[in-house]
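Enquirer: test case, fold it:
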Amino acid sequence: MELQKASNGHHDLSPDKIPENGFDALENMTDGDIFLPNKSNGNTETQFTDFEGKTSFGMSIFNLSNAIMGSGILGLAYAMANTGIILFVFLLICIAILSAYSIHLLLKSAGVVGIRAYEQLGNHAFGRPGKILAACIITLHNIGAMSSYLFIVKIELPHIIQGLLEMPDSSDYWFVDGRYLIIIVSVFAILPLTLMKRLGYLGYTSGFSLGCMVFFLISVIYKKFVKEYPDEHSYNETVPTESIYNSANDMSEAKFITINPETAFTIPIMAFAFVCHPEVLPIYTELKNPSKKRMQNVANISILAMFVMYLLTATFGYLTFYGNVKPELLEMYSKKDTLMLCVRLAVLIAVTLTVPVVLFPIRRAVLQLLFPDKPFHWVHHISIAVCLLFLVNLLVIFVPNIRDIFGFIGATSAPSLIFILPGIFYIRIVSEEQEPLKSRPKIQAIAFVTLGFIFMIMSITFIIVEWVTGKKTSGGH
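Expert: Residues are numbered from 1 along each chain as shown. As a prediction, this is how the structure comes out:
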């Protein structure tokens, strides 16, 4: 992609052709500088992309919020049970702020060199090895996220159909077999959405997906205040009655600060709840009237909205079941409860509509590696989407426990996308003349990268401990 500057003529400023010390015009850009063409008094100013963004501010918020929202929301009540209310809120605030800062580093790096893809930032910072590293991490992380979403479809959709048709759990009809159902959902629901040419078109489905999760949140709050008795199947039959209703039991009292062996396992779950970084630059590219400040506002509003949803879901889920809460909150509710059956369906729709948003960055990464200089081509666009869905379907169908396999990938890719890559790209791309290595912004970025490595080491350690001891933890994006 060529970077063009309109003055008396167009000068080629392609990242591959610019000297390492020749970014004078680009380095002087401010936060208000645009990222796409802008006509002013008949003159076209700096152009950084090959088409003008047309996605509205609101639709961009829907898309980024949908990218943040993941299956991990179902495990946050369990995380609160193992940290306590005060410690959970403190950690969630810290992680939300760090995530917003991480996006700030990405946008500032992109503004300096005028490129719009994570992989291209890697290419500018470290050459082809950096480009390949960024593309591989994005691909592995998002394939893991897609697999976790489809795994929820595989497990929950048969129960929903059985509940709606009042069929016994032992039914062996093909239409309650999760393996067939994920293929049907992938072909008829996910594939058509992945064939959209631009991510901005998914704003409507992203908004609907978020609406489904709001319904889930409202139902969780409702169930806290409208408790039915166990013989009315308000709760999952596997939860001991005396544990729920005996207020003298420690498992039925709210804890403000809790430290136990499971506490360390819940911190990565919370840290990974705000992973959306592969989608940030594609959404930025398609934003109407884009600037770093405008895109940062999109990110801040999206993170704030998800922070509120995460906090409310965790709080009311925890205050309903206290220490008895399971790693997946929906497991606590009876499958015979009509309201919660509808909630399960809403969550299923939400994760299904999130898959196309997650697939877009993978396709962009593959295109950057295989066809970096080729224009848009429908054959490439469609074939990569079909191959990715085929691969993910195979994994979900034949792998019995998808989270164990992708746990290690998530432990390495998520800290890389949130902390490490944005930090090192920023340090490498922003010149010494503009910000010396000992300047406050650079020192903050170095500390940020260090924190990312600490998170990665912690996460890998927890995964290994889980494998060795056989302990079960929750996860998912």
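Enquirer: in which helix or strand does the residue nearest to Leu395 when sequence neighbours are not counted reside?
Expert: Residue nearest to Leu395 in three dimensions, not counting chain neighbours: Ser147, with 5.3 Å by Cβ to Cβ, 6 or more residues apart in numbering. No exception for glycine: its C-beta is placed from N, CA and C like everyone else's. For Ser147, the host element (DSSP states H and E) is helix 128-164.
Enquirer: buried ones in that helix?
Expert: For helix 128-164, burial by neighbour count (16 or more other Cβ atoms under 10 Å) applies to 130-163.
Enquirer: give me the pLDDT for Gly211.
Expert: According to the per-residue confidence, Gly211 scores 91 in pLDDT.
Enquirer: that one sits in which helix or strand?
Expert: Gly211 belongs to helix 203-225 when assigned by DSSP H and E.
Enquirer: quick one, whichever helix or strand comes after the helix holding Ser147 and helix 128-164 angle?
Expert: Using DSSP H and E, the next helix or strand after helix 128-164 towards the C-terminus is helix 178-185. Put simply, helix 178-185 runs at 110 degrees to helix 128-164, going by axes from the mean of the first three to the mean of the last three Cα atoms, to 10 degrees.
Enquirer: from the contact counts, what lies against helix 178-185?
Expert: helix 128-164, helix 378-398 (3 or more Cβ pairs under 8 Å, 6 or more residues apart in numbering; DSSP states H and E).
Enquirer: weakest of the ones you listed by average pLDDT?
Expert: helix 128-164 (a mean of 87).
Enquirer: and of the helices and strands packed on helix 178-185, who's closest to Gly452?
Expert: Among the helices and strands packed on helix 178-185, helix 128-164 comes nearest to Gly452, with 12.0 Å by Cβ to Cβ.
Enquirer: which stretches of the stretch 251-400 of the chain form helices?
Expert: 263-271, 277-286, 292-321, 338-370, 378-398 (DSSP state H, counting those that start in this stretch).
Enquirer: now do the first one: everything it contacts.
Expert: Translated: helix 263-271. Applying Cβ atoms under 8 Å, 6 or more residues apart in numbering, the external contacts of helix 263-271 come out as 72, 75-76, 78-79, 82-83, 88, 91-92, 95, 411, 414-415, 418, 455, 458-459, 462, 466, 471, 473-476.
Enquirer: Throw together a ChimeraX command that grabs the buried residues out of the residues you listed.
Expert: Remark: buried members of the contacts of helix 263-271, expressed as a ChimeraX selection using 16+ other Cβ under 10 Å:
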select :72,75,76,78,79,82,83,88,91,92,95,411,414,415,418,455,458,459,462,466,473,474,475,476
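Enquirer: inside strands: which ones of the contacts of helix 263-271?
Expert: Per DSSP state E, strands hold no members of the contacts of helix 263-271.
Enquirer: now tabulate the helices of the stretch 251-400 of the chain in a markdown table and tack on mean neighbour count and distance to Gln444.
Expert: Converted to a markdown table, the helices of the stretch 251-400 of the chain look like this (neighbours: other Cβ atoms under 10 Å; distance: least, Cβ to Cβ, whole Å):
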| stretch | mean neighbour count | distance to Gln444 |
| --- | --- | --- |
| helix 263-271 | 22 | 18 |
| helix 277-286 | 26 | 17 |
| helix 292-321 | 21 | 16 |
| helix 338-370 | 22 | 26 |
| helix 378-398 | 16 | 36 |
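Enquirer: mind showing which ranges of this structure have poor pLDDT?
Expert: 1-53, 116, 169-171, 227-252, 264-265, 401-407, 470-477 (pLDDT under 70).
Enquirer: ok, which of the helices and strands packed on helix 178-185 comes nearest Met332?
Expert: helix 128-164 (14.0 Å).
Enquirer: by contact count, what packs against that closest one?
Expert: Looks like helix 128-164 contacts helix 118-126, helix 178-185, helix 277-286, helix 338-370, helix 378-398, helix 402-415, helix 421-429 (3+ Cβ pairs under 8 Å, 6+ apart).
Enquirer: with distance to Lys223 added, can I get those helices in TSV?
Expert: Output for those, formatted as TSV (distance: least, Cβ to Cβ, whole Å):
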stretch	distance to Lys223
helix 118-126	40
helix 178-185	26
helix 277-286	32
helix 338-370	8
helix 378-398	29
helix 402-415	26
helix 421-429	39
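Enquirer: show me the one of those that comes nearest Gly207.
Expert: Between the helices and strands packed on helix 128-164, helix 338-370 lies closest to Gly207; by Cβ to Cβ that is 9.5 Å.
Enquirer: just to revisit the earlier point, show me what the helix holding Gly211 is in contact with.
Expert: By Cβ under 8 Å, 6+ apart, helix 203-225 touches 55-56, 58-60, 62-63, 65-66, 69, 73, 193, 234, 309, 312-313, 316-317, 319-320, 329, 333, 339-340, 342-343, 346-347, 349-350, 353-354, 356-357.
Enquirer: relative to helix 292-321, how tilted is it?
Expert: Using the same axes, to 10 degrees: helix 203-225 against helix 292-321 is 30 degrees.
Enquirer: how much distance is there from helix 203-225 to the middle of the chain?
Expert: Taking the mean of its C-alpha atoms, helix 203-225 sits 17 Å from the chain's own mean (Cα atoms, centre = their mean, to the nearest Å).
Enquirer: can you list the buried residues in it?
Expert: Neighbour-count burial for helix 203-225 [16+ other Cβ under 10 Å]: 203, 205-207, 209-210, 212-213, 215-217, 219-221, 223.
Enquirer: relative to helix 277-286, how tilted is that helix?
Expert: Interaxial angle of helix 203-225 relative to helix 277-286 (the same axes, to 10 degrees): 130 degrees.
Enquirer: and stretch 86-105, how far out from the chain's middle?
Expert: Distance of stretch 86-105 from its chain centroid, counting by Cα atoms, centre = their mean, is 14 Å.
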